[in-house]
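Asks: Next comes the sequence, and after it the predicted model I'd like to discuss.
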Amino acid sequence: MTLDAPLESRIAGWRSYIAGRRVISPSDIDEMEDHLREQISDLISVGLNADEAFLVAVGRMGGLDEISREFAQEHSDRLWKQLVLTGDTGGESGTSRRPGELAVVLACALGAGLAVRAGVEWLTESALVRNAALLVLPFLTLYFAWKRDMRPGRIAALALPFAAAAVVLNVFPFEPGGVTEIIAAIHTPVALWFAVGAAYVAGDWRSHRRRMDFVRFTGEWAVYLALLALGGGVLMGLTAGAFGALGIDLEPFFEQWIVPFAPAGAIVVAAWLVEAKQQVVENIAPVLTRVFTPITIVMLVALFVAVLASRSVVDVDRDLLILMDLILVLVLGLLLYSISARDPHAAPNVFDLLQVVLIAAALAVDLLMLTAMASRIAEFGFTANKVTALGLNLVLMVNLVWAARLGVSFLRGRAGFAAVERWQTRYLPVYCGWAVLAVVAIPPLFRFV
Amino acid sequence: MFIEKDLVAASATPLVLGILAEGESYGYAIIKRVNELSQGRMQWTDGMLYPLLHRLERAGHVSATWCVADNGRRRKQYAITDAGREVLTERTAQWTVVADALQQVWQSTQLPPAATPGWSR
């Protein structure tokens, strides 16, 4: 039976509402729509008017959340399949796809790969290492600028940090292979990552919510990149092995083409994967943090005991300083990732307690190490490495001390989770500032050696 | 009447297989048949039927084909397979045992009459 026009439009509305759930495929929706229509015409034939019939029929169909959960359970594979389908559904809040996205992503990945390949060809090795971020990240920024439909004026503004970095990195008379050059090379990607962030949030970097989105994106991007690297590594190993068995040496080819292209492309593609399918990793993020937070606590406590037990005054080994920084970065990463994945309205639970314990343990180990090293640091004076390592340590420690304080008051119910979250998003520019300082100020201070 | 979710879930598979054993059918007709059989006392959430049918299809208990219905719309028809019939036989035996045991225990204990009508068809 044919239904009247307003009813048709309501059914179309229902259909597009269901289509927002990507686990329900269009053919499943066809099946359910057929059901809905029959139900409506039966209800009309027993005397309901069109609107009532529509409401009753939709009501009987059940809550969309429940149904899509059932579909997701039965069709969990679809969550992954969605990754490669393009332009079929869209419409999900915030992740709407633009036509031709795949082509743009591939073009950006290819551009980044070509840039790195050109770098390999024309730059000296140390210049290549210094400029690596400049060869790849502009393409990622470009992708987000396109995806967020930014105005040309703002896109031009995004070019400024890259231009500034290019000037600084190539005008400074770095001693090739020197310490300050390595420090600059490490901190440039960090500083420029915030330029990527500016594009990610479409220039709306004052919004704390958007900043948190970017933190979440960064964590998920890292997970995807690791997965891609793992898969790529296995594939490359297999290929090289198989060709090796045939007596063909692939190494020159790998060195010339795969090594420049694969990582550069993976960086862009990983970003696209996060964009294309946010829900997949949203399920992984809390799991990862829940697994690694307790393990990290155990590791830190063991370390604490070991340092106490050895009782020796630790040498000011720059490796040790850097190691401590990396531990703090790991702890901060866990903290940020779990904050970004947490439902801000939920009441404090055991996991929040664990997080405070984690921060406390990290700070205790850090303080112990620093006091053990303090005398030596004063004795030998400052080198570029030590200043950088200590500075980073300070930056991270300030954040963690305050985060611990806020965490405790959150556990006691004196502050909302919003305060914890806000502190982290407010602190983000400090990392950017520190990275810029490490690139711009430390090399001249230590005469570029 | 309200029937507990777990009970609905447990009985859904044998019920759907049983209805399909009567002949090929499709989603809405299956729901209508359930209502008919339970005289409207077993209310399913209609949307939940489809994931269940897809699960049965993947397990090979039912087969599905798209065809064109009288009204000109595409419709997915389900039919029980031999494997499905075997499962149905097995489930029937299980449910008979359960129903039998319940029947006996209810006969030996004095229950208020309102507690049984869901079973007394």
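Replies: In hand now; what should we look at?

Asks: Name the residues of chain B found near chain A, please.
Replies: Proximity of chain B to chain A, by CB under 8 Å from any CB of the partner chain, involves residues B:26-28, B:31, B:45-48, B:50-52, B:54-55, B:58, B:69, B:71, B:73-76. (C-beta placed from N, C-alpha, C; glycine too.)

Asks: Please repeat the previous calculation with a cut-off of 7 Å.
Replies: B:27-28, B:45-48, B:50-51, B:54-55, B:71, B:73-76 (CB under 7 Å from any CB of the partner chain).

Asks: my guess is A:Q355 meets A:L335, correct?
Replies: Yes - between A:Q355 and A:L335 there is a contact at 6.4 Å, judged by CB atoms under 7 Å.

Asks: Going by contacts, tell me the helices and strands next to whichever helix or strand A:A145 is part of.
Replies: Element membership for A:A145 (DSSP states H and E) is helix A:125-147. Packing partners of helix A:125-147 (3 or more CB pairs under 7 Å, 6 or more residues apart in numbering or on different chains; DSSP states H and E): helix A:101-122, helix A:152-171, helix A:179-200, helix A:259-276.

Asks: Ok, which of the ones you listed comes nearest chain B?
Replies: helix A:259-276 (24.2 Å; CB to the nearest CB).

Asks: Touching that closest one from outside, list them.
Replies: Contacts to helix A:259-276, defined as CB atoms under 7 Å, 6 or more residues apart in numbering or on different chains, come from residues A:83, A:95, A:105, A:108-109, A:112-113, A:116-117, A:120, A:136, A:139-140, A:143, A:147, A:217, A:220-221, A:224-225, A:228-229, A:232, A:281.

Asks: Separate out the buried members of those.
Replies: Of the members of the contacts of helix A:259-276, the ones counted as buried by neighbours, 16 or more other CB atoms under 10 Å in any protein chain shown, are A:105, A:108-109, A:112-113, A:116-117, A:120, A:136, A:139-140, A:143, A:147, A:217, A:220-221, A:224-225, A:228, A:281.

Asks: Close to chain B: what parts of chain A are there?
Replies: Residues of chain A found near chain B (CB under 7 Å from any CB) are A:1, A:28, A:30-32, A:34-35, A:38-39, A:60-62, A:67, A:70-71, A:74.

Asks: contacting residues for residue 53?
Replies: If you meant another chain, say so; for now it's chain A. With CB under 7 Å, 6+ apart, A:A53 has these contacts: A:40, A:43-44.

Asks: nope, chain B
Replies: Neighbours of B:L53 in contact, by CB under 7 Å, 6+ apart: B:27, B:62, B:78.

Asks: ok, so of the residues you listed, who is nearest chain A?
Replies: Distances from chain A to those, taken by CB to the nearest CB, are shortest for B:G27, at 4.9 Å.

Asks: what's the neighbour count on that closest one?
Replies: 21 (other CB atoms under 10 Å in any protein chain shown).

Asks: now the helices for chain B?
Replies: Along chain B, counting by DSSP state H, helices occupy B:5-21, B:27-37, B:49-59, B:82-108.

Asks: distance between the helix or strand hosting A:Y224 and the chain's centre?
Replies: Secondary structure from DSSP H and E places A:Y224 in helix A:208-245. Per CA atoms, centre = their mean, to the nearest Å, the displacement of helix A:208-245 from the mean C-alpha position of its chain is 11 Å.

Asks: Quick check: buried residues in it?
Replies: Buried residues in helix A:208-245, defined by neighbour count with 16+ other CB under 10 Å: A:210-221, A:223-225, A:228, A:240.

Asks: cool, and stretch A:329-346?
Replies: Using 16+ other CB under 10 Å as the test for burial, stretch A:329-346 gives A:331-342.

Asks: which residues touch that stretch?
Replies: So stretch A:329-346 is contacted by A:212, A:215-216, A:219, A:282, A:285-286, A:289, A:292-293, A:296, A:355, A:358-359, A:362, A:396, A:399-400, A:403, A:417-418, A:420-421, A:424 (CB under 7 Å, 6+ apart).

Asks: how close does the most centrally placed residue in chain B sit to A:S310?
Replies: The centre of chain B sits closest to B:L15, judged by CA atoms, centre = their mean, with a distance of 1.8 Å. For B:L15, the distance to A:S310 equals 69 Å [CB to CB, to the nearest Å].

Asks: Check A:F194 too.
Replies: Using CB to CB, we find A:F194 at a distance of 39 Å from A:S310.

Asks: Among these two, which residue is more densely surrounded?
Replies: Comparing A:F194 with A:S310 by other CB under 10 Å, the one with more neighbours is A:F194, at 19 against 10.

Asks: Number of residues surrounding the closest residue to chain B within chain A?
Replies: For chain A, the residue closest to chain B is A:G62, as judged by CB to the nearest CB, at 3.5 Å. Counted with other CB under 10 Å, the neighbours of A:G62 add up to 16.

Asks: shaky segments in the chain?
Replies: Let's take chain A. Within chain A, the ranges that satisfy pLDDT under 70 run A:1-3, A:22, A:75-98, A:277-283, A:311-318, A:343-345, A:375-376, A:380.

Asks: that's the other chain; I wanted chain B
Replies: Low-confidence regions of chain B, defined by pLDDT under 70, span residues B:110-121.

Asks: rerun at 80
Replies: B:1-2, B:5, B:43, B:58-59, B:70-72, B:110-121 (pLDDT under 80).

Asks: Can you tell me, leaving aside adjacent residues, what's nearest to the residue of it found nearest chain A?
Replies: Using CB to the nearest CB, the single residue of chain B nearest to chain A is B:T45, 3.5 Å away. Among residues not flanking B:T45 along the chain, A:G62 sits closest, at 3.5 Å (CB to CB, 6 or more residues apart in numbering or on different chains).

Asks: you'd agree the one you found is up against B:Q43?
Replies: No - if you go by CB under 7 Å, A:G62 and B:Q43 don't touch, sitting 10.5 Å apart.

Asks: quick one on the thing from earlier: of the buried residues of stretch A:329-346, closest to A:M369?
Replies: Nearest to A:M369 among the buried residues of stretch A:329-346: A:V331, at 13.7 Å, using CB to CB.

Asks: Could you tell me how far that closest one is located from A:Q355?
Replies: Distance of A:V331 to A:Q355, given as CB to CB: 10 Å.

Asks: cool, and A:R37?
Replies: Taking CB to CB, one finds A:R37 at 51 Å from A:Q355.

Asks: Equivalent analysis for A:T239, please.
Replies: Distance check for A:T239 against A:Q355: by CB to CB, it reads 43 Å.

Asks: do A:G233 as well
Replies: In terms of CB to CB, A:G233 sits 32 Å off from A:Q355.

Asks: B:K76 too?
Replies: 48 Å.

Asks: Looking at those two, which one has more neighbours?
Replies: Set B:K76 next to A:Q355 and count neighbours by other CB under 10 Å: A:Q355 wins out with 26 against 21.

Asks: Buried residues in the helix or strand that contains the more buried one, which are they?
Replies: Using DSSP H and E, the element containing A:Q355 is helix A:350-380. Across helix A:350-380, burial judged by 16+ other CB under 10 Å covers A:352, A:354-363, A:365-366, A:368-370, A:372-373.
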